[in-house]
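> Got a predicted model here, sequence first, then my questions.
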Amino acid sequence: MRAPCLTVLIGLLTMAPPLWADLWTNQAGRVIEARLETFDGSQVTFARTNGTSLKFPLSALCQTDQHRVRLQTGYSVAPAFVQSAYRDAKAVIEKFERLPAGQRTKEAIAASTRMACAVFDARLKPRLEELKDKDVLEEIRRLRTSLHSQ
């Protein structure tokens with residue numbers, strides 16, 4: 001008796017539409033109600049409340065919702081120039097790490113970290129006005145801190 005009831009219950013649960021959905025706006029201002037399913041760095045997939053899936057480029061969403069997709073999926077919210085500055089700063093540390101072990105003293109480690117942070121800061125300084133968003137600033141703090149742990 002329990003098996004048929006359980007089967008019916010499982011069937012009903014798998015057929016049910018998503019329990020929650022958000023509102024998402026595209027570049028033209030059209031709003032859809034859907035749940036974010038996946039994001040691969042360029043394409044975003046949504047599950048609509050009617051059970052259908054919708055997939056399109058991230059750039060089709062308004063800027064605010066592009067930012068929200070990146071936040072919810074763990075992708076960088078910082079502008080490309082921040083990521084570029086971070087790669088340049090990491091390159092300083094990577095060059096240091098290729099030195100012979102005898103040259104990688106505590107003092108040299110500290111110096112390479114200071115140099116990497118200086119490179120990072122110098123690359124960001126001319127564009128500080130573009131870095132007002134609190135999530136972007138938090139990511140910059142996290143990236144800069146990670147230079148100390150390299």
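Happy to help now that I have it. Model, not experiment: these values are computed from the prediction.
> tell me the contacts of the closest residue to residue 66 other than its chain neighbours?
Spatially, and ignoring its direct neighbours in sequence, residue 66 is nearest to residue 58 (5.5 Å; C-beta to C-beta, 6 or more residues apart in numbering). Glycine gets a C-beta too; all of them are placed from N, C-alpha and C. Residue 58 sits next to 39, 42, 43, 44, 66, 69 when contact means C-beta atoms under 8 Å, 6 or more residues apart in numbering.
> Ok, residue 53 next?
The contact partners of residue 53, by C-beta under 8 Å, 6+ apart, come to 37, 45, 46, 47.
> can you list the domains in this protein?
Listed by automatic domain parsing, the domain ranges of the chain are 17-73, 80-148.
> JSON lines please, covering those domains and showing mean pLDDT.
Formatted as JSON lines, the domains of the chain follow (pLDDT from 0 to 100):
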{"stretch": "domain 17-73", "mean pLDDT": "91"}
{"stretch": "domain 80-148", "mean pLDDT": "94"}
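> so which pair among the contacts of residue 58 is furthest apart in space?
With distance counted by C-beta to C-beta, no two of the contacts of residue 58 lie farther apart than 43 and 66, which are 12.4 Å apart.
> Comparing the two, which residue is more hemmed in?
Neighbour totals were compared for residue 43 and residue 66, and residue 66 leads with 19 against 12 (other C-beta atoms under 10 Å).
> and the closest residue in space to residue 48 that isn't next to it in sequence, which of the three is it?
Leaving aside its chain neighbours, residue 48 sits nearest to residue 34 (4.7 Å; criterion: C-beta to C-beta, 6+ apart). Assigned by DSSP: H, G, I helix; E, B strand; the rest coil, the conformation of residue 34 is strand.
> Show me what whichever helix or strand residue 137 is part of is in contact with.
Under the criterion of DSSP states H and E, residue 137 resides in helix 134-148. Counting contacts by C-beta under 8 Å, 6+ apart, the residues outside helix 134-148 that touch it are 67, 71, 76-79, 82, 86, 89-90, 93, 113, 116-117, 120-121, 124, 131.
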